[in-house]
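Asks: here is the input, now give the coordinates:
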Amino acid sequence: LATTIDQYNLDQTNIVIVKRMADLYERLDQLENAKSFYDYALTLNPGDVALQRKCEILHDTIQDRQIAQMETDIEANPDAPDIEEKRAQISEIRRQRMSVVVNEAKARVDRNPTDKQIRFDLGQAYFGAGQYTEAIPELQQAKANPHIRTKAILMLGRCFEKKNMNDLARSAFTEAVKELAIMDNTKKELLYDLALVCEKMGDQAAYLDALKEIYNTDYGYRDVAKRVESSYS
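Replies: All right, here's what the predicted structure looks like:
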């Protein structure tokens, strides 16, 4: 690093040296310094897509560490005077990140509106941002792609459930379950979500039927065993 700093001081526009500086700082785990030099390298070569992606990944890593540190502080000192401020900072960081994800997904849809996978990605981004109403039409579009149809219906059902439209959520989960012959992880997710919606609707029999399908195949899935066995006590 000391040698590279000397080279950088001789020519601060040499992108090879700038990128080497960034890489060295990253390897030394000095991520803030690394990001500064990656960002500067990008100004020297703004068309470098790989470099742009590197900057984005490093930015997210730094934020992940900030969130993890604040969550550790909150857990260690729940009565600290700045506890609400830290919670607000965590929420704001997550909101900003989801906003970026949504905007990027929207831009991809604008470039290729007929691609159902991209529609699914946008629906998923909306869901992650808590924008369930906006997610619904995108996921409905995504259902037309047979490769992601089941996942799209699963997300669609979850949107309905979040909006407390439990009858529509139940219909969506039931529809998707019927289309899956094999008890894979996706079917387990669907059955579990179906069970919880049935429970919310007060249909105890349907709730247990869905859970028992999972129980008969995978005893250790989430808290299924506890839920099923407790119904017999």
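
Asks: surely M98 meets Y126?
Replies: No: between M98 and Y126 there is no contact under Cβ atoms under 8 Å: 9.1 Å. Yep, even glycine has a C-beta here, placed from its N, CA and C like the rest.

Asks: what about the two, which has more around it?
Replies: Y126 (25 against 17; other Cβ atoms under 10 Å).

Asks: what residues does the most centrally placed residue in the chain make contact with?
Replies: Nearest residue to the geometric centre of the chain (Cα atoms, centre = their mean): G128, 6.1 Å. Taking Cβ atoms under 8 Å, 6 or more residues apart in numbering, we find G128 in contact with M98, V101.

Asks: how near is it to Q96?
Replies: Distance, G128 to Q96, using Cβ to Cβ, to the nearest Å: 13 Å.

Asks: so what's the closest residue to L24 other than its chain neighbours up against?
Replies: Closest residue in space to L24, ignoring its immediate chain neighbours: L1 at 4.8 Å, by Cβ to Cβ, 6 or more residues apart in numbering. By Cβ under 8 Å, 6+ apart, the contact set of L1 is M21, L24, Y25, L28.

Asks: same question, E71
Replies: If a contact means Cβ under 8 Å, 6+ apart, then E71 has I90 as its contacts.

Asks: which parts of the host helix or strand of it are buried?
Replies: For E71, the element it lies in under DSSP states H and E is helix 49-76. By neighbour count on 16 or more other Cβ atoms under 10 Å, the buried set for helix 49-76 is L51, K54, C55, L58, H59, I67, M70, I74.
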